[in-house]
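Peer 1: what's the 3D shape of this:
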Amino acid sequence: MFLRLLLALLALASPLAAEPAPLRTALLAWDAEPLRPDVQRVAADLLALAQAELSAEPGLAWVERAELDKLLAEADLAVSGRLDPRSSLRLGKLARAQLLVTGRLDASDHLATTLVLEAIDLDHGDLLATSTTPLPPRAHRHYAVSDADLSVSKIALQSLLAEAAARHRELSARPAVALLFLANTGPSCASATSETTSRISSTRTASPSRPPPTPTPTS
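Peer 2: Take a look at the predicted model:
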């Protein structure tokens, strides 16, 4: 009876699991190295363009940039860079978001520019995914956004979000399975549990039978 009920509940839950609710995602401003105006401008442009390219990505719901900036200012939190776990959880509650994406554009070497991305679970403050992606080399030190930069950044962000979303769903599904067992408090389950408990108790308390002691012969 208990097994049939569990299988029925899992069967009802499977259609819902096939279409998970969109994850509300906050995209934090990307850091830029070195702190030059052209590099900072490229980091901001890549962020905005990549987010616009992925605005219709299924399974995600973006926190508006203006809303995020307002929340960060009101909460006196950093506007870029990695937040500590406490600040991440606080931001998640304020923005009603589940994922936070941070980034850093390292253009210190114009021949080896890299984009580092991280996705954080705002429900628990855990790091879900990270990636380091090389961008196309530049012919000179002055930095401007190119179509190749945008294409690579978009693919990197898209892959990171897919990995983070899958990991988030995996972690969120674990407590639900445990609750199915805990929620089943029907008579048959209670009877089976009581019987099992009684058997374990009797096994623990029963003392093994011993043969009577052999009398010692007297001379």
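Peer 1: Summarise which helices and strands the longest helix seen in the chain is packed against.
Peer 2: Longest helix of the chain, by residue count under DSSP state H: helix 147-183. Under the contact criterion of 3 or more CB pairs under 8 Å, 6 or more residues apart in numbering; DSSP states H and E, helix 147-183 touches helix 2-18, strand 23-27, helix 37-53, strand 99-106, strand 114-121, strand 126-134. No exception for glycine: its C-beta is placed from N, CA and C like everyone else's.
Peer 1: C-terminal to the third one, what's the next element?
Peer 2: Heading C-terminal from helix 37-53, the first helix or strand you meet, by DSSP states H and E, is strand 60-62.
Peer 1: Counting by contacts, list what that following strand packs against.
Peer 2: Strand 60-62 packs on strand 23-27, going by 3+ CB pairs under 8 Å, 6+ apart.
Peer 1: Low-confidence ranges, the protein, go.
Peer 2: Applying pLDDT under 70 to the predicted model, the residue ranges of the chain that meet it are 1-20, 78-85, 175-219.
Peer 1: again, only using 50
Peer 2: 14-17, 176-183, 185, 189-190, 192-193, 196, 200, 203-209, 219 (pLDDT under 50).
Peer 1: hmm, back to that, so for the longest helix of the chain, what gets flagged as buried?
Peer 2: Burial within helix 147-183, assessed by neighbour count using 16 or more other CB atoms under 10 Å, is assigned to 149-150, 152-154, 156-157, 160-161, 164-165, 167-168.
Peer 1: relative to strand 114-121, how tilted is it?
Peer 2: Orientation check (axes from the mean of the first three to the mean of the last three CA atoms, to 10 degrees): helix 147-183 against strand 114-121 gives 20 degrees.
Peer 1: I'd like to check the angle between helix 147-183 and strand 99-106, please.
Peer 2: With the same axes, to 10 degrees defining the directions, helix 147-183 sits at 150 degrees from strand 99-106.
Peer 1: I'd like to check the angle between helix 147-183 and strand 126-134, please.
Peer 2: For helix 147-183 against strand 126-134, the angle by the same axes, to 10 degrees is 160 degrees.
Peer 1: quick one: helix 147-183 to strand 23-27, angle?
Peer 2: Inter-element angle recorded for helix 147-183 and strand 23-27: 140 degrees (by the same axes, to 10 degrees).
Peer 1: what does stretch 23-34 rub up against?
Peer 2: Outside stretch 23-34, the residues within contact range by CB atoms under 8 Å, 6 or more residues apart in numbering are 39-40, 42-44, 46-47, 51, 59-63, 65, 68, 79-81, 83, 91-92, 95-108, 122, 161, 165, 168.
Peer 1: And it, what's buried?
Peer 2: Judged by neighbour count (16+ other CB under 10 Å), stretch 23-34 contains these buried residues: L23, R24, T25, A26, L27, L28, A29, W30, D31, A32.
Peer 1: Nearest residue to the last one in space, please, no chain neighbours.
Peer 2: In this structure, A32 finds its nearest non-sequential neighbour in A43, 4.0 Å apart by CB to CB, 6 or more residues apart in numbering.
Peer 1: My guess is that neighbour contacts D106. True?
Peer 2: No - between A43 and D106 no contact is recorded; they are 9.9 Å apart, counting by CB atoms under 8 Å.
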